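Chemist: sequence isn't available, so here's the structure alone:
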C-alpha cells in the first residue's frame, strides 16, 4: 500500500495534479507569491550568514594599523613571517599567519571600542595612538580590553631595553597594556636659510629667552604695515595647538597627571610655563604666531616664512617631507630651548603602542609576532629611513643609519640628534582624562591670552597668578569628572561587575 | 467578521518586518538608553548603578550650559536670519515674468549638494586667519585685521554664515513651492481693496503658506538643535573655550571620547525632552494662530 501522500502521478499528471499539490500546502504559504518567498528565504539566509559568519580564518593573526606608512613597512616582515610559518607548520591548522588591515584612525578607534564595549571580535593585534589609549583605561583593570603585558615585558627584559617614558602612556595602575612603538623626542626646526640670510646665528642659544633675543631682528617691519613681517615661533594658545601646550608643560612643568593618576594641572611649574607661553604670543615681547599644523592655511604660512621655528617631534619630519617638499634644505634641527637655564632641552609629542585584545584567538602567537615586529632591528631601520621615527630600543640606537645625513635638513645627521635626546624625554602618565585635561589647559591658555590683552599685562611674573587661577579651574573640572567615575580609585572596589 | 487564518498570517507577515525593525532598532535601544542613563558602564563587563548622578552631573556641568547656549544662539540665528532670507528669495523668484527662474533656483539651492562636512572643510580654509579668503577680501575692502579670529573667537557667527550659505536654498525651495500655491485671486482682491505690499504679505500670503512655514520652522529648529558636524569638522573639536561646543557634540564627547555611555544617554534624554517640549509649544502656538 502506498504511503499516504505518495500517490503515483502516473499518466495524465500535469496541471491538474500540480494544483492538487498546491492545494495540499498550508494556506498561509499562498499569501505571498513565489518571488516574494524567494526574497524572504534569501533574506533569512543572508541574515543568518551575517549573524553567524566570522571574518577571516581563526588560524590567522589579524593586525589593525592606522598608518599607511606602517602598513607599507610591515609588509615585508609579515611576508617573511608567513613564509617561515608555512615552512615550519606541518599541519596548516597550526599556522599563525598574519594578515594586516589598514583602517582610518577614526574607524579603527570606533571598531576597537565597539569591539571592547560590545564584546565583539576585533583583531589579534591593534596599533593604538596615544590620544585614544587613555579611554581604554577608564574602567576597572579587569575590564580593560587589552591583555596585561606587564609580566611578559618584564620577563623579556624590555623594561630595561627602552626609556621608561616609552611605557608610561600605556601604563594604568601599574600595569602595562602595550608594546611601545616610539619615544618621539621633540626638537626645534628652524629656517636656517632665513637666519643666515639675515646674518644671524643660533650659536649659544640655551633658553627661549636667548632664542628670542638672538633672532628678534628677523621680526623687522620691512613692508611698513606696522606689524612684524614674520614671527619666530609657530605657537598659539588655543585648541588647535593643545598638543604643543601639553608638550611645553611636559618640558618645563609637571605635565598633567602624577604617576598615581591624580591631576597636577594647577602646579606652580605649570602656571609658570603657561604664563611664559602667553608672554611669547602677546605684548611687546611677542615672538610667536598662529601657524596651525596639518592645515593648508598653516602650510602656506610656513612656505611664506611667516614663522621661522617649529616644534618637530621625529614623526613631524616625515610630515614636512611629504607635505612641504619645497622646504627641503631650508630647515635645521636644534634642541628645544629650555624654559629656564639648565632646563630640559627636549619634550615629547604623540605616541603609538601595539596591544593584544583579550578577544585574540591566540595570545601567544600574537605576542610572538608583536615582538618580531616591534623589536626587529630591520624594522627599526625602516621606521627611520621611511618614517623618520626613531625606535625606543636602546640597543638599536647604535645603528649607523641614524648617522646618515638628511638633505631635507641641510645634511644634518638628524637621527643621531633625536637619539641623543631620547633618554631625556619626559614621562607622561596615562589617564582616561588626558584628552579632557588637555582641552581644559588649552582653554586656560586662551583665557590667559585674553586676560593679558584686556589688562595690558605681559610680564611672566604678573601673569603667573592668573595662570595659576585658570589652571585651578581646569583641574577642578577634571577632578569633577574623575570623582564621578565609579570605576577608578577607591570607588573601584564598590563597583559592581556584571557576570 | 473574523479574518481567515491565511489572511491573518499574511497580515502578520506584512507588518512583521516593521514590528521587528521597530522593536530591535527603536524600542529596545530606547529602553536600554533609559537603563544606561541611570548607570555607569565600561563595556559589557562592568556596570555600576549611578542613580540620578548622570543627570545631576550634566545639569551642573558648565560645559553643558555652554553647549546649550551655543546651540540656542545658532538656532536663533538660523531661524531669525536664514528663514526670512529664504522666504525673501522665494518671493523674488516667485515674481511673475521672472526669466531664468529655474537657473536662479538651482544656483541658490546648489550649496546644499556639497553637504555639511565639505562645507565645514571649506569654511575652515575660507575663515582662516591671515591667508583665509574672507579676511583677505575684508582686509582689502574695509581694512579688517588679517588675523581677525573668526574660528577662534567669533565661532557662532561663522557657523551661522556657513549654515546660511548651505541651507538658505533648501528652505527657499519649500517656500517657493508654497508661494506657487497661493491663490492669485486673493492677492488681487487685496490689491483692489488697497492693501499695501506689507499688508498683502502679512494678511494674505503668510496665512496661505502657514502649514509650510510651520513645517520649515520646525525642521530648522530641530536641525539646528542637532548641530554637530559643522563645528566638529571646522574646528577639529569644540574650539577655543568651547565656543563651538553644541549639545550633540557634548553628547558625543561624553559617549565616544570619555567612554561614558550612561552620561551620554542622560544628555540624549535631556535633549530629546527639550525638543519634544519646544516642538509641542510651537505646534500649539501655530494651531492657536491658525484658529
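Modeler: Received the coordinates, thanks. Here the structure is a predicted model, which means the values were calculated and not measured.

Chemist: every contact and neighbour count from this point should use C-alpha atoms.
Modeler: OK.

Chemist: contacting residues for residue 264?
Modeler: As the question left the chain open, I've gone with chain A. If you count contacts by Cα atoms under 8 Å, 6 or more residues apart in numbering or on different chains, residue A:264 has them with A:254, A:255, A:256, A:257, A:258, A:475.

Chemist: that was the other one, I meant chain B.
Modeler: By Cα under 8 Å, 6+ apart, the contact set of residue B:264 is B:37, B:251, B:252, B:254, B:255.

Chemist: show me which pair in those is furthest apart.
Modeler: Maximum pairwise distance among the contacts of residue B:264 (Cα to Cα): 14.5 Å, between B:37 and B:252.

Chemist: show me which of those two is the more surrounded one.
Modeler: residue B:37 (26 against 19; other Cα atoms under 10 Å in any protein chain shown).

Chemist: for chain A, what's its nearest residue on the stretch 151-291 of chain B.
Modeler: Distances between the stretch 151-291 of chain B and chain A by Cα to the nearest Cα are smallest at residue B:241, namely 4.7 Å.

Chemist: for that residue, which non-adjacent residue is closest in space?
Modeler: Taking Cα to Cα, 6 or more residues apart in numbering or on different chains, and ignoring the residues beside it in sequence, residue B:241 has residue A:443 as its nearest neighbour in space, at 4.7 Å.

Chemist: same question, residue A:200
Modeler: Closest residue to residue A:200 in three dimensions, ignoring its sequence neighbours and counting by Cα to Cα, 6+ apart: residue A:215, at 6.8 Å.

Chemist: which ones are touching that neighbour?
Modeler: Applying Cα under 8 Å, 6+ apart, the residues near residue A:215 are A:195, A:200, A:201, A:202, A:232.

Chemist: how far away is whichever residue of the stretch 1-150 of chain A sits closest to chain B from residue A:363?
Modeler: Closest to chain B within the stretch 1-150 of chain A is residue A:117: 3.4 Å, counting by Cα to the nearest Cα. Per Cα to Cα, to the nearest Å, residue A:117 is found 19 Å from residue A:363.

Chemist: which one's more surrounded, these two?
Modeler: residue A:117 (20 against 17).

Chemist: just to revisit the earlier point, export the contacts of residue B:264 to TSV and tack on pLDDT and secondary structure?
Modeler: TSV is the format used below for these (pLDDT from 0 to 100; DSSP: H, G, I helix; E, B strand; the rest coil):
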residue	pLDDT	secondary structure
B:37	92	helix
B:251	92	helix
B:252	90	helix
B:254	86	helix
B:255	84	helix
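
Chemist: from those residues, which single one is nearest residue B:108?
Modeler: Closest to residue B:108, out of all of the contacts of residue B:264 and judged by Cα to Cα, is residue B:252, at 32.2 Å.

Chemist: the stretch 51-200 of chain B: strands as residue ranges?
Modeler: For the stretch 51-200 of chain B, no strands are identified by DSSP state E, counting those that start in this stretch.

Chemist: who in it is up against chain A?
Modeler: B:53, B:57, B:125, B:128, B:129, B:131, B:132, B:152 (Cα under 8 Å from any Cα of the partner chain).

Chemist: show me what contacts the second one?
Modeler: Under the criterion of Cα under 8 Å, 6+ apart, the neighbours of residue B:57 are A:484, B:263.

Chemist: check what pLDDT it gets.
Modeler: Looking at residue B:57, its pLDDT stands at 89.

Chemist: any regions of chain A where pLDDT drops low?
Modeler: By pLDDT under 70, the low-scoring segments of chain A are A:1-23, A:53-59, A:88-95, A:489-499.

Chemist: picking up where we left off before, just the residues of the stretch 51-200 of chain B next to chain A: which are in helices?
Modeler: In helices, defined here by DSSP state H, the members of these are B:53, B:57, B:125.

Chemist: count of neighbours near the first one?
Modeler: Meaning residue B:53. Counted with other Cα under 10 Å, residue B:53 comes out at 18.

Chemist: coming back round to it: of the residues of the stretch 51-200 of chain B next to chain A, closest to residue B:262?
Modeler: Using Cα to Cα, those come closest to residue B:262 at residue B:53, 9.7 Å.

Chemist: close to chain B: what parts of chain A are there?
Modeler: Residues of chain A lying near chain B (Cα under 8 Å from any Cα): A:27-32, A:116-119, A:132, A:135, A:138-140, A:143, A:238-240, A:296-297, A:300-301, A:432-433, A:435, A:442-444, A:446-447, A:484-486, A:495-499.

Chemist: for the chain, longest helix please?
Modeler: Let's take chain A. Longest helix in chain A, counting by DSSP H: helix A:460-484.

Chemist: wait, chain B was what I had in mind.
Modeler: When chain B is parsed with DSSP H, its longest helix is helix B:261-290.

Chemist: so what's the gap between that helix and the chain middle?
Modeler: Computed by Cα atoms, centre = their mean, to the nearest Å, the chain-centroid distance of helix B:261-290 equals 13 Å.

Chemist: from the stretch 51-200 of chain B, which residue is nearest to chain A?
Modeler: Nearest residue of the stretch 51-200 of chain B to chain A (Cα to the nearest Cα) works out as residue B:131 at 6.0 Å.

Chemist: ok, and the closest non-adjacent residue to residue A:30?
Modeler: Using Cα to Cα, 6+ apart, the nearest residue to residue A:30 is residue B:6, at 7.8 Å.

Chemist: please name the residues that touch the one you found.
Modeler: Applying Cα under 8 Å, 6+ apart, the residues near residue B:6 are A:27, A:28, A:29, A:30, A:31.

Chemist: now do residue B:128
Modeler: Here residue B:128 is in contact with A:297, B:134, B:135, B:149, B:150, B:151 (criterion: Cα under 8 Å, 6+ apart).

Chemist: now those residues: which count as buried?
Modeler: By neighbour count, with 16 or more other Cα atoms under 10 Å in any protein chain shown, the contacts of residue B:128 hold A:297, B:134, B:135, B:150, B:151 as buried.

Chemist: widest-spaced pair of those?
Modeler: A:297 and B:150, at 13.8 Å, using Cα to Cα across these.

Chemist: list residues touching both of those two?
Modeler: Common contacts of residue A:297 and residue B:150 (Cα under 8 Å, 6+ apart): B:128, B:129.

Chemist: pull out the buried positions in stretch B:85-99.
Modeler: Within stretch B:85-99, the residues scored as buried using 16+ other Cα under 10 Å are B:85, B:86, B:87, B:89, B:90, B:91, B:93, B:94.

Chemist: ok, the residue lying closest to the fourth one once chain neighbours are set aside - how many residues close by?
Modeler: Okay, so that is residue B:89. Distance criterion Cα to Cα, 6+ apart; nearest residue to residue B:89, sequence neighbours excluded, is residue B:172 at 6.5 Å. Counted by other Cα under 10 Å, the residues lying close to residue B:172 total 26.

Chemist: hmm, residue B:87 and residue B:172 touching each other?
Modeler: Yes. At 6.0 Å, residue B:172 counts as touching residue B:87 under the criterion of Cα atoms under 8 Å.

Chemist: okay, now the unreliable bits of chain B?
Modeler: In chain B, residues with pLDDT under 70: B:1-3, B:43-45.

Chemist: nearest residue to the middle of it?
Modeler: residue B:223 (1.6 Å; Cα atoms, centre = their mean).

Chemist: angle of the helix or strand it falls within against helix B:261-290?
Modeler: Under the criterion of DSSP states H and E, residue B:223 resides in helix B:206-225. Angle of helix B:206-225 versus helix B:261-290, following axes from the mean of the first three to the mean of the last three Cα atoms, to 10 degrees, is 170 degrees.
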